[in-house]
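Undergrad: predicted structure and sequence below. I'll ask about it afterward.
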Number of protein chains: 2
Amino acid sequence: MIVESGNVRRRSTIRLSASDLEAGYALACQAVIEGDAAILIPEQEAVERRLVTDKTARKVEVPFAYDPIRDQTIRAFDLALDPPTLEDSIDDLSRLERALATQGIFNLDVPLPLLRELGSKLRDAEWNVTAIIETDHWKRNTPRLLDLRVLKELGDLSLHGIAIDIGTTTVSVYLVNLITGEAIDTAAEYNGQINRGEDVISRIIYANKNGGLSELGNLVRKTINDVIDRLVSRNKVDRKQIYKATVSGNTTMMHLFAGLPPASLRLTPYIPTVNHPAPLLASDLDLNIHPLATVDLLPSVASYVGADITAGVLASGLSEADELTLFIDVGTNGEMALGTKDWFVTCACSAGPAFEGAGVVCGMRATRGAIEEVWINTQTFEPTYRVIGEVKPKGICGSGLISLVAELFITGVVDKGGNFVVRSDFKSDARPRVREGEHGGEYVVAWANETDLARDIVITKVDIDNLMRAKAAIYAGFTVLAQSVGVDLADVQKLLVGGSFGKYINVEKAVQIGLLPDMQWERFNFLGNTSVLGAYMALLSREARSKIKAIAEKMTYIELSADNTFYDSFTSALFLPHTDMTKFPSVEAIWDNKEKQEVW
Amino acid sequence: MIVESGNVRRRSTIRLSASDLEAGYALACQAVIEGDAAILIPEQEAVERRLVTDKTARKVEVPFAYDPIRDQTIRAFDLALDPPTLEDSIDDLSRLERALATQGIFNLDVPLPLLRELGSKLRDAEWNVTAIIETDHWKRNTPRLLDLRVLKELGDLSLHGIAIDIGTTTVSVYLVNLITGEAIDTAAEYNGQINRGEDVISRIIYANKNGGLSELGNLVRKTINDVIDRLVSRNKVDRKQIYKATVSGNTTMMHLFAGLPPASLRLTPYIPTVNHPAPLLASDLDLNIHPLATVDLLPSVASYVGADITAGVLASGLSEADELTLFIDVGTNGEMALGTKDWFVTCACSAGPAFEGAGVVCGMRATRGAIEEVWINTQTFEPTYRVIGEVKPKGICGSGLISLVAELFITGVVDKGGNFVVRSDFKSDARPRVREGEHGGEYVVAWANETDLARDIVITKVDIDNLMRAKAAIYAGFTVLAQSVGVDLADVQKLLVGGSFGKYINVEKAVQIGLLPDMQWERFNFLGNTSVLGAYMALLSREARSKIKAIAEKMTYIELSADNTFYDSFTSALFLPHTDMTKFPSVEAIWDNKEKQEVW
């Protein structure tokens, strides 16, 4: 924070530079306000609406040939009942069941709220009704009545569902027409829990506090309801005609959403309460859709391999792959699966939030004002950058950081160890781009006067170390997965990248820092949010739903903290791009070429 | 009511005698209070605690050889789980399921509230737990988790259930130990709905008013909770360890209890919402027992043949009978079933509340101060009577009315048509017992000075007509049932009488007025509350439960209002005891004997 006036005692200044202090910066968590004071929260710290979310949402294709009769568990049955007489005086429910039996529906479960309305609904409709029925779900074979509507209303019959992905940072929702299968609209919003902690670990800790669990649960449910509000109002859909929801997300998000205490997820041996909860009701979870709607939480595999991965493995196509395929979903955590249609292994590595712009001095989320890509001139070492929203920069987001570190490395500003190289040509400048900061070397990406800030935007040696640990953890994950099944990473024929992160990074740069394996371009596929896409497929089709279940059951989970080879692999990867350059031939080629140039 | 002082305008006095008016009586429903007034509600009108209820409850025997493992659906499983490790890191629920699988429990359903506590319960118990599970019920084969308790608590393991009979007048509850099968205590209370209407028809009408349905539902649920409070507190049972309830009662009571609108029950063609609802949860019905406890509503057959009859047919033994057997349960309605173990027919006739003391000038419920039996001297025609509680009489209850009318008939004070016989010997008395009242003839049972009232206790011609219609309806029911299957009432080998009414009436007198068929004494069985007994059996054993279901399915219901022979049978029975005296040989013998005496 910036102290504009008043008395504020700084209990620690260890992460602040002299110029920071001069500019009035203080660490908010270490500040004691000792009287009236005017405090400014720098813009890059405030949560701001991402530029993506709704506007950039692309049209989603129906993911397969959809037949609502064959695929869908939510069905509408038109019924013309015989009115009761003294000779035919069976009870109302039996009359409904008798009519449904002619359409192959037996053993109907009628929830109490509907039973209470049954008599008046049948009579008001003069015995001509449309019964909305969930015919089955993966945990139960018997049909369940969801709604009774007057048959005449049939003209405007609509059956809707929603597919939800609860990300640690962003909640994405598809509104789906269950008759056509079409995703008629999509929307996204920051997860309302974000102010209670940036990553899953801090959320778990927060949930452990008194009232924390219900607070976090309420926050994410409110976020989902807000997104639903937006979707139903702009598409003029009756929220009470949303009869089904599928939910994907990492294991922590699923726990918090369902109100399950997540404490044991972060304590060894990392145990979830449940990986695959039975379907719940919307009313259990305060979702503002039909209260009897089924809410189907997709299966997780372990504490750090969630439904986002099992859904992603289906949506990405890994589960149908003939060739060796690697699927990764990089968010706050790096989660990945390796396999073919016949087998998968999976693991998760804690990348930390560096790739989301947190834990980095000038880091920020990928919102307006974030530097998202950087190029460094190989002669002058001067940077050029692109800013989201084409405004003055406020900080650097994850893709910008990857791009920046790759450029610093390729141009020789930093060495393989991530250390700034002291070279005379850096000093010849009027204002050196590489300089000694309070915490060691740093590179100035943007001078203060180019920015919206009172100070320069820099990347420090400490930031680079953070990023290297993050990318090393992910690369070590690939290595351990491959070793666990005795294959070589080089044998991977396809790399499927899920997550919105994957949509914006420059693959070449990601390979150059050693975040992604070095392979031919055509083998990379960037798929966007595979988690919500998997939820959408599960919403449409019971076959897709059982495939995800089968994926979860088939997946072998490798717990990296229990794996002896992980630490070695991690250490080997703590270089740019890696200690073993032969694993990165394209980077090696640039390097060789560069060295040749310098020799010339 | 009695107006003690003040201005009260009587809009109608049609049912009041001159002496009533002199004594200050007014019809409350026809009175306009025109200023300050002091009003007395005569004691016999106020609802008073019946002398029966708890104190006279007899010890209930376990109704069959009970084996909790074989018979009971609520079971406790002791589990020593392996604590999780990095190598054995399945989720908590799968760990529980794995242990249960070794005891034959698969596909466990874990309700969300329990899932939310699962992790902490397992860890607090250090992985040694007792799982309380409902293994199945008639509608569902999969087991459901109800509770998890620390294994060490096993010393005080208790599993309880309750069997409930919701009568129109009285709610009876058994508290049952599900391990031993013993009914450890029983209690009863007036149905809290009683002030909203004496009989099912007035309750249905009340339920139709705005808010009436939820009011009546809340009232009966409060009554049940009050009785449960008494049972758990005096037996030191933890109400949260009551895991199951079975509920019996007539169809209207079941509807009101479950919150189902009863309107269509009383409108032709008399259709219930549901005869056999799926089991509900205690929390759905606000019962103060374990919130996840199953509440199993026993099946009805039709709007006026309820679970009290299906449960009664089992509890009475009719469903196991080799010989032709008639089962009747006389309350406000007369419900009856005729059959053997292989078949049953059933019907209901609206007897009206006369047998419960209502609709009769000096009628009252069978509480303290009610005349419950009367004898009339054949020479002097002077009565002797017995009063409940051995106090001064306030009125006449149902059994007293039956006894009184039988005596009037046998002694010749009234004739076969129920008319008072004008005879000289009645007039020779200083004060005539038979006299002309405001509404025709009446007989004085107790002079005012013998009573707690300001007036004589009498039975009028109008009262006798009411009682004759009630008994004729019931007898006509028997006749129609027998005719419907082509048997003769005289062929009935056993008459099983359920209901508390049956416990107090004098059979001989009931036969003499033609309420019950004339058969040998040893063929009568008075069984008390067969409805709650059936609920108790269903609570204990899944076999008993499926027998009741089979009874309901097997029963052929005869709708008397659609039966052409009913009216004829009713008219024939509108005499004392019947137009056809050959059906009542024992009464004919008395009559013949009497006529012979008079001839002498």
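TA: Looks like it arrived, so ask away.
Undergrad: average model confidence for stretch A:415-431?
TA: Averaging pLDDT along stretch A:415-431 gives 73.
Undergrad: go on, stretch A:180-194?
TA: Stretch A:180-194 carries an average pLDDT of 94.
Undergrad: mind checking pLDDT for A:Lys43?
TA: No Lys there; residue A:43 is Glu. Here the pLDDT value assigned to A:Glu43 is 58.
Undergrad: could you do A:Leu86 as well?
TA: pLDDT recorded at A:Leu86 is 90.
Undergrad: now A:Leu81: closest residue in space that isn't a chain neighbour?
TA: Nearest residue to A:Leu81, sequence neighbours excluded (C-beta to C-beta, 6 or more residues apart in numbering or on different chains): A:Trp127, at 4.1 Å. (Glycine included, C-beta is placed from N, CA and C.)
Undergrad: hang on, I meant A:Gly212
TA: With C-beta to C-beta, 6+ apart as the criterion, A:Gly212 has its nearest non-adjacent residue at 4.7 Å, and that residue is A:Tyr206.
Undergrad: hmm, back to that, from what I see, the residue nearest to A:Leu81 and A:Asp92 are in contact.
TA: No. The pair A:Trp127 / A:Asp92 is not scored as a contact, 9.8 Å apart, by C-beta atoms under 8 Å.
Undergrad: for A:Arg435, phi and psi?
TA: Dihedral pair for A:Arg435: phi -150, psi 170, per degrees, to the nearest 10.
Undergrad: please work out which residues outside the helix or strand containing the residue nearest to A:Gly212 touch it.
TA: Assigned by DSSP states H and E, A:Tyr206 belongs to helix A:200-208. With C-beta atoms under 8 Å, 6 or more residues apart in numbering or on different chains as the test, helix A:200-208 has contacts from A:168, A:193, A:196-197, A:212-213, A:215-216, A:250, A:252-253, A:256, A:261-263, A:265-266, A:332-333, A:350.
Undergrad: rewinding a little: burial of the residue nearest to A:Gly212, as a residue count?
TA: 18 (other C-beta atoms under 10 Å in any protein chain shown).
Undergrad: look up how far chain B lies from it.
TA: Distance, A:Tyr206 to chain B, using C-beta to the nearest C-beta, to the nearest Å: 17 Å.
Undergrad: again with A:Glu553
TA: In this view, A:Glu553 and chain B are 11 Å apart by C-beta to the nearest C-beta.
Undergrad: with A:Leu326 instead?
TA: 23 Å.
Undergrad: can I assume that residue is in contact with A:Thr340?
TA: No. Using C-beta under 8 Å, A:Leu326 makes no contact with A:Thr340, being 10.8 Å away.
Undergrad: now name the helix or strand holding A:Phe566.
TA: helix A:564-572.
Undergrad: cool, and A:Ile371?
TA: Secondary structure assignment for A:Ile371, by DSSP H and E: strand A:370-376.
Undergrad: list the contacts for the spatially most central residue of chain A?
TA: Taking C-alpha atoms, centre = their mean, the centroid of chain A lies closest to A:Gly167, which sits 3.8 Å from it. A:Gly167 sits next to A:Asn191, A:Gly249, A:Asn250, A:Met253, A:Asp308, A:Gly331, A:Ser531 when contact means C-beta under 8 Å, 6+ apart.
Undergrad: what strand or helix carries the last one?
TA: Assigned by DSSP H and E, A:Ser531 belongs to helix A:530-540.
Undergrad: quick one on the thing from earlier: turn the contacts of A:Gly167 into JSON lines, including distance to B:Thr223.
TA: Output for the contacts of A:Gly167, formatted as JSON lines (distance: C-beta to C-beta, whole Å):
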{"residue": "A:Asn191", "distance to B:Thr223": "48"}
{"residue": "A:Gly249", "distance to B:Thr223": "46"}
{"residue": "A:Asn250", "distance to B:Thr223": "50"}
{"residue": "A:Met253", "distance to B:Thr223": "46"}
{"residue": "A:Asp308", "distance to B:Thr223": "51"}
{"residue": "A:Gly331", "distance to B:Thr223": "56"}
{"residue": "A:Ser531", "distance to B:Thr223": "52"}
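Undergrad: circling back to that earlier point, packing partners of the helix or strand following the helix holding A:Tyr206?
TA: Downstream of helix A:200-208, the first helix or strand assigned by DSSP H and E is helix A:212-235. Helix A:212-235 makes packing contacts with strand A:160-166, strand A:170-177, strand A:183-190, helix A:200-208, helix A:251-258 when contacts are defined by 3 or more C-beta pairs under 8 Å, 6 or more residues apart in numbering or on different chains; DSSP states H and E.
Undergrad: list the residues that contact the closest residue to A:Asn191 other than its chain neighbours.
TA: Leaving aside its chain neighbours, A:Asn191 sits nearest to A:Val171 (5.2 Å; criterion: C-beta to C-beta, 6+ apart). A:Val171 makes contact with A:Ile164, A:Asp165, A:Ala188, A:Glu189, A:Tyr190, A:Asn191, A:Val220, A:Thr223, A:Ile224, A:Val227 under the criterion C-beta under 8 Å, 6+ apart.
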